[in-house]
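Enquirer: model the following, please.
(chains A and B)
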Amino acid sequence: MTLGEKLVQTSIKRPKQIAIALGVITLLLGLLIFKVHVDTDPENMLSPDEPVRIFHNETKKDFSLYDMVILGVVNTSHPDGVFNPETLNHVYDLTQYAATLSDPEHPERQVVSSKIMAPSTVDAISQAGLGQVSFSWLMPKPPETREESLRIRDLAMSNPLLKGTLVSEDEQAIGIYLPITSKNFAHTLSQQLTEKIATLSANGDEYYITGLPVAEDTFGKEMFVQMAISAPGAMLAIFLLMLFFFRQIRLIISPMIVAMISVITTMGLLIGTGHTLHIMSSMIPIFLMPIAVVDSIHILSEFFDEYQATRNRRQAIEHVVATLFTPMLYTSLTSAAGFASLAFTPIPPVQAFGIFVAIGIMIAWFTTIIFIPAYIMLMPEKSLVNFGVSKNTMREHPSLMARLLRRQGRFIYAWPKLIMITALLITGVAISGIMKIQVNDNPINWFTKNHEIRVADRILNSHFKGTYEAFLILESNGQDLTPSEANEKFSGMLKSMAVDDPSKIVVAKALALSQRAASAPDLDTMLKNMEETFIQAQDEASDTTYDAWSDALALLDQFKHRNQVFKRPDVLEYIGGLQAHLLQKGLVGKSNSITDMVKKIHSELFNDPAKFSVPDSIGGVAQSLISFQNSHKPNDLYHMVTPDFQKANIWVQLQNGDNQGMEALVREVEIYILGHQPPVSLQHEWAGLTYLNVVWQDKMVSGMRDSFIGSFIVVLIMMTILFRSPTWGLLAMIPLSMTIAWIYGVIGLIGKDYDMPVAVLSSLTLGLAVDFAIHFLERVRTTVAETGSWKSAITLMFEEPARAISRNVIVIAIGFTPLLLAPLVPYKTVGIFLASIMVISGLATMFILPALITIIQNWLFTLPLEDQEAPKP
Amino acid sequence: MRFILPCLCTLFYAATVCAAPDVAEIVQKANFASYYNGDDGSSLVEMVITDSQDRTRTRLFTILRKDESDGGNQSYYVYFKRPSDIRKTTFLVHKHIQSEDDRWLYLPGLDLLKRLAASDKRTSFMGSHFFYEDVSGRNISEDLHTLEEETAEYYILNNIPKKPDEVEFSAYTIWIDKTTYLPMKAEYLDKSGKGYRTMEVLNTAEIQGFTTVTKSKISDLNSGGSTITTFSEIKYNIGLDQSLFTERYLRRPPREARQ
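Expert: Now for the predicted structure:
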């Protein structure tokens, strides 16, 4: 007795026990689902110890940067744009209100009120008459008159750090930048803001909320709603289609139960093993359902056709399972292998997704084998009386599908070459399409075009210089000096100070102190010792040498700060040059840096637009910056440079969140730096959500490609083992390869981006597309063995086996159309993909395989075939 | 006199009258104790600015002061020593009781003498958590003072700005030491009534007969940063010449400042 027969016997003999056992297991695992911990942060696409992520978080900390929600206020109807008293009052109120917001359920998730960027929270540098420079709030209180409003406009527009960022150049938009402590607060915050906005008087103001955190968090939230609608929707559609085909409501409930059991136990295992429910893993049910249903449909379809022949359900089911056990095992194993290969991608959520879909597929297979026969046995015999079609009925009153399939079989046998040539032509076109595939992703595009998030993104980026942020961090490669090297360097500096008699005395003493301190174990200790001894020397100094000691101490201080490269004019000019280059290349909407800050203050200090430049000495730069720090927000400087002046941040604004744009920017920066050596040795590195998306996309794409190639080989080996023949193994790969080529060819041809959902679906394609080929070829072999010839076998192949495949294609393809109604693009993509995979692999299996077999039949079947007999005269 | 008054209070038990000594007087004494010791004075000041991540920056400067009269107009001169790249930067205040203060900043690296706008009193002093007004003192006539409470050690005063639009706080409370009249603690409330800023005196010393703050701290409760100021080499009545406190000396720091 084979394993399959044993299982079926158990299930036929003890149907009740089987049903109860499955019920209990499902219930227990199902309870684990309540432990669910949801994680909608796409940042977790990267493992927490991924260097780029660690760097991103370090950068956020170093420069006090937060994830930003951007509330845009737009007024296109007022002649002064947003700079009218009423709109500015709204902006003021909204800012005040936003500063108080936090997540009611998690109070630690809140708006960082001290870091809000809004007209009422930023300083304006301005001329206050009599040669005075003033730092005053841009909008200390809401304006009452047109003059006050226009003054706010003029102040903001004259500040390059604000123009294009806080206020749009067309004067029609103001941005309120709300830093949040946790990305998970973004969606709630945007709802809270929307509620507040509804209470404001209507004066032509429009409000838009955007920023990657909102898109990502909202996607997470909507995704779960979507799951609750799509999965049952698909279930219902599949149910109705099966009802149409089998017309036996009791019987077709069983595939539904199989799907439920598979989904519930898999999700229970996923959550029970401590995995978070991530954007990826939330898709498991959607992927698992079609696969679970497919196996059941094969059994039912076969049973449907077989039952009337024997009128004995026990015999019928035994026969069906005996026929289908091996192909079902292999289709499940191949699908599982396709998904399991995702475990080799470097992306944790994708790994979990792949592994658990694979587990779920095997659960579905096992449940199908063990539960469907038990279920059939538990049905009252009389309810089966009218079930299925007798072969006579089928012969005399064939259904439309049956008639079409028979015709198809005859056509293929007559014109095999025509079919093959057509298929190859299509494949040729598809390959040219694959060449055109654009790898790109943008979380905003996960929403449909008219989703409010997409609309907000479009409108705000048309006014501002970009709501997508990335940070280019430059860091000085400060060389670590040994104490003796430091002594040598510092002595050189000291000697240049010896100009008059008192200073010569001091320099001589200082040189000795430096020499002595150089015996310290490390540089820090040495400098500390030197400072102490210098101060002591100054305390004891005579009136004549006192000033010289001050100079020596200052020199020591300068030496200590020698790595503060971002005060150096040449370094600042270099940053400015890089920024100008990127702007000129059109790769950024705008960028902000310490250089812009220094230039702005410099020109304001002199009240001279011509002085919009970097001062020519370190002192000049440092003193411009210290002047800037005489403002209400002295720490704003440290968003651009760290307090030790060893790291600088070029804050880049992008008008589009496409990964391609970010990639182009990264490339251009590399090229620029290669072609323009910085005046000091600098490291550069990117941070920011827009950049993180690029990194995980790259990992995703290359990981998917590798895992796809790996699983293709695994499936080929499995096929070879299954059919005990490399030729048949290769044959089984043909429909699958064609399906993949065609689907990805279309993606390339229509210009759809190869993004995260598309990448993940490649493994589904592999797993599902091979199924039909396995079923088909397995049946071809047994039928040819029974009938003795391909010619007679092909006729039988286009009876029941072809009908099973066709039913499957239709049920799954149409069953998942509810996904197309989803407002989230990845769900639509899944729906379209499932339908395409089913239709194309169904067509490829039922056209190309028989056509190819017809052409190579003499070679393929070693047994004597009737066609090989002497040609009929 | 100081110890006679409480005795009288006990005798007559006129609590409402005596437990509330004249607020104006407390405020004035506190103002004197904080800003008017001696006729002039000098000190070396070290400011350590700490941010929420415990990263620190240091500023070292000399401060000179000369009064016209106690509680009246006075001048301040600040000379920066370190960090080296702002060395020789100087800052001058002419504090006027009847009108807005005049303030100048000289930046040697740009060779630029700049007047600072009078309105910017409550902006950061050189990137620290101290405001300009904390350095030279807030004009006592700008707030309405009430005695909130009197404890064994302190007069606790509540202060409300007369021109709320000009300041970022809605009120502040100060704890004035009953013996020295030094404000030992202050707490500022923002417009929504939430505490966001505190000042604490960490150390005092008796110098030439004047109890003097030698260490104080201002904390920004919103950002989590703070600045600790340490005063050393404090001297009073050193005979500073009024001419030092003029624009001319900003470019050419006097010896008194450089030391």
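Enquirer: chain B: strands as residue ranges?
Expert: B:40-50, B:56-67, B:74-82, B:90-95, B:102-107, B:112-116, B:143-150, B:154-161, B:169-177, B:183-190, B:195-207, B:210-220, B:226-236 (DSSP state E).
Enquirer: convert the C-alpha atoms of the last one to PDB, please.
Expert: So the one you mean is strand B:226-236. Only the C-alpha atoms of strand B:226-236 are listed here, as PDB (Å, rounded to 0.1, in the frame of the first residue of the first chain):
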ATOM      1  CA  SER B 226      20.700  72.300  29.700                       C
ATOM      2  CA  THR B 227      23.400  74.900  30.200                       C
ATOM      3  CA  ILE B 228      25.600  75.100  33.300                       C
ATOM      4  CA  THR B 229      27.300  78.400  33.900                       C
ATOM      5  CA  THR B 230      30.300  78.500  36.300                       C
ATOM      6  CA  PHE B 231      31.600  81.800  37.500                       C
ATOM      7  CA  SER B 232      35.200  82.100  38.800                       C
ATOM      8  CA  GLU B 233      37.700  84.800  39.500                       C
ATOM      9  CA  ILE B 234      34.800  87.000  40.700                       C
ATOM     10  CA  LYS B 235      35.900  90.500  41.700                       C
ATOM     11  CA  TYR B 236      33.900  93.500  42.800                       C
END
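Enquirer: residue B:195 bridge partners, please.
Expert: Beta-bridge partners recorded for residue B:195 (DSSP bridges): residue B:189.
Enquirer: tabulate the strands of chain B (CSV), appending mean pLDDT.
Expert: Formatted as CSV, the strands of chain B follow (pLDDT from 0 to 100):
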stretch, mean pLDDT
strand B:40-50, 95
strand B:56-67, 94
strand B:74-82, 93
strand B:90-95, 94
strand B:102-107, 92
strand B:112-116, 89
strand B:143-150, 93
strand B:154-161, 96
strand B:169-177, 95
strand B:183-190, 95
strand B:195-207, 96
strand B:210-220, 96
strand B:226-236, 96
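Enquirer: distance to residue A:193 and mean neighbour count added to the ones you listed, as a markdown table?
Expert: To be clear about C-beta, it is placed using only N, CA and C from the backbone, and glycine gets the same treatment. Listed next are those as a markdown table, based on distance: least, Cβ to Cβ, whole Å; neighbours: other Cβ atoms under 10 Å in any protein chain shown:
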| stretch | distance to residue A:193 | mean neighbour count |
| --- | --- | --- |
| strand B:40-50 | 34 | 19 |
| strand B:56-67 | 36 | 20 |
| strand B:74-82 | 44 | 23 |
| strand B:90-95 | 43 | 22 |
| strand B:102-107 | 40 | 21 |
| strand B:112-116 | 37 | 19 |
| strand B:143-150 | 36 | 15 |
| strand B:154-161 | 31 | 18 |
| strand B:169-177 | 25 | 20 |
| strand B:183-190 | 21 | 19 |
| strand B:195-207 | 23 | 16 |
| strand B:210-220 | 26 | 19 |
| strand B:226-236 | 32 | 18 |
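Enquirer: residue in the stretch 1-150 of chain B nearest to chain A?
Expert: Distance from chain A to each residue of the stretch 1-150 of chain B (Cβ to the nearest Cβ) is smallest for residue B:109, at 2.8 Å.
Enquirer: surely that residue is in contact with residue A:618?
Expert: Yes - using Cβ atoms under 8 Å, residue B:109 is in contact with residue A:618, at 7.4 Å.
Enquirer: which neighbours do these two share?
Expert: Residues touching both residue B:109 and residue A:618 (Cβ atoms under 8 Å, 6 or more residues apart in numbering or on different chains) are residue B:85.
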